[in-house]
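K.L.:
structural data only, the sequence is not supplied:
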């Protein structure tokens, strides 16, 4: 039995939709969907209808694209309301979300119980150079030539801003993790956005970091005894180690960022058991 992960399926693309349909069956294994499944409820439903029958259990967290408001409905859901709707959709397919009780992995990690913790934390523009004031972070990024579609498509309603929404999510999640933590217990932390700034390696557009996470989570892998941390968002898949903890960026990305053909199976990242064990 294995725990796999993938993110950034971007099912607005017909090529990516075809790819998940070609994916084989992993009936004994679990799959993490770490955000950016698409931009609409229909994209999420397509993913779940296709993937739920292929795996024993699926865990989902939202990405920024999932929360965009682009629905043609004249009264589309926004912000917190869209997030809650997507949670309802996931639950209708028996998919675990950040609003559900954490699942316990059937195996162990180094003899420790492992808790699978899907998170929803957003970003607060704190991944910025030290000389840039908080209120200037977005304008600094724009001056460097970076624009983010979130600014026009991700509405934080009813929160006053993405920063405020992020602060609320961090507070609630930190409290919950602390209450769940115990001796001889480890976590797999799952968030669409990277938990650490030093994982953001976008040399071609460094300003994009301000839309990539929050400094508040820099030490969570240590505070909560992480066995692994799973994230996406960057479209730069890879495995990294910080303080002895694996950080797995599991993006698929747009068709131009992968070959778009063949079996998607090798694109799934194995999280548990740790590769090599």
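P.N.:
Ah, there it is. Quantities reported herein were computed from a predicted structural model and do not represent experimental measurements.
K.L.:
show residues contacting the lengthiest helix in the chain.
P.N.:
Taking DSSP state H as the criterion, the chain has its longest helix at helix 162-180. With contact meaning Cβ atoms under 8 Å, 6 or more residues apart in numbering, helix 162-180 is reached by 79-80, 98, 102, 115, 117, 119-125, 150, 154, 156, 159, 187, 214, 216-217, 220, 223-224. C-beta coordinates here come from the backbone N, C-alpha and C atoms, glycine included.
K.L.:
show me what counts as buried in it.
P.N.:
162-163, 165-167, 169-170, 173-174, 177 (16 or more other Cβ atoms under 10 Å).
K.L.:
same check, this time on stretch 32-42
P.N.:
32-41.
K.L.:
now, the most widely separated pair of the residues you listed?
P.N.:
Distance extremes for those: the farthest pair is 32 and 40 at 21.1 Å, using Cβ to Cβ.
K.L.:
how about the strands of the stretch 151-277 of the chain, start to end?
P.N.:
185-190, 226-231, 238-242, 245-249, 269-272 (DSSP state E, counting those that start in this stretch).
K.L.:
which of these is buried the deepest?
P.N.:
Most buried of the strands of the stretch 151-277 of the chain by mean neighbour count (mean count of other Cβ atoms under 10 Å) is strand 226-231; its value is a mean of 26.
K.L.:
quick one: distance of it to the chain centre.
P.N.:
Put simply, strand 226-231 sits 11 Å off its chain's centre (Cα atoms, centre = their mean, to the nearest Å).
K.L.:
how far off centre is stretch 136-156?
P.N.:
On Cα atoms, centre = their mean, the centre of stretch 136-156 falls 20 Å from that of its chain.
K.L.:
same question for stretch 214-229.
P.N.:
14 Å.
K.L.:
so how far is the first residue of that stretch from its last?
P.N.:
Using Cα to Cα, to the nearest Å, the end-to-end distance of stretch 214-229 comes to 15 Å.
K.L.:
which residues are contacting it?
P.N.:
109-110, 112, 114, 117, 121-124, 126-127, 166, 170, 174, 177-178, 181, 185-191, 193, 195-197, 242-243, 245-248, 271-272, 274.
K.L.:
buried residues of that stretch, list them for me.
P.N.:
214, 216-218, 220-221, 224-229.
K.L.:
one step back: quick one, which of the contacts of helix 162-180 are buried?
P.N.:
Buried among the contacts of helix 162-180 (16+ other Cβ under 10 Å): 79-80, 98, 102, 115, 117, 119-125, 150, 154, 156, 159, 187, 214, 216-217, 220, 224.
K.L.:
can you tell me which of the residues you listed are in helices?
P.N.:
Reading helices off the buried ones among the contacts of helix 162-180 with DSSP H, I get 79-80, 150, 220.
K.L.:
show me which pair in those is furthest apart.
P.N.:
79 and 220 (24.2 Å).
K.L.:
torsion angles phi and psi at residue 204?
P.N.:
phi -80, psi -20 (degrees, to the nearest 10).
K.L.:
what do you get for residue 109?
P.N.:
Per degrees, to the nearest 10, the backbone of residue 109 is at phi -130, psi 110.
K.L.:
neighbours around it, how many?
P.N.:
20 (other Cβ atoms under 10 Å).
K.L.:
also residue 236?
P.N.:
14.
K.L.:
model confidence for it, exactly?
P.N.:
Per-residue pLDDT puts residue 236 at 94.
K.L.:
make 222 the starting number, not 1.
P.N.:
Sure thing, new numbering starts at 222, so read that last one as residue 457.
K.L.:
next, the contact list for it, please.
P.N.:
The contact partners of residue 457, by Cβ under 8 Å, 6+ apart, come to 422-423, 470, 472.
K.L.:
pLDDT for the buried residues of stretch 435-450 - can I get that in TSV?
P.N.:
Compiled in TSV, the buried residues of stretch 435-450 are given as follows (pLDDT from 0 to 100):
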residue	pLDDT
435	97
437	97
438	98
439	97
441	98
442	98
445	97
446	96
447	97
448	96
449	98
450	98
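K.L.:
let's have those residues in CSV, adding distance to residue 241.
P.N.:
Shown next, in CSV, are those (distance: Cβ to Cβ, whole Å):
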residue, distance to residue 241
435, 30
437, 33
438, 29
439, 33
441, 30
442, 29
445, 31
446, 33
447, 28
448, 27
449, 23
450, 24
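K.L.:
nearest to residue 245, out of those: which one, please.
P.N.:
When the buried residues of stretch 435-450 are compared against residue 245 (criterion: Cβ to Cβ), the nearest one is residue 449, at 23.4 Å.
K.L.:
please consider this matter closed, and thank you.
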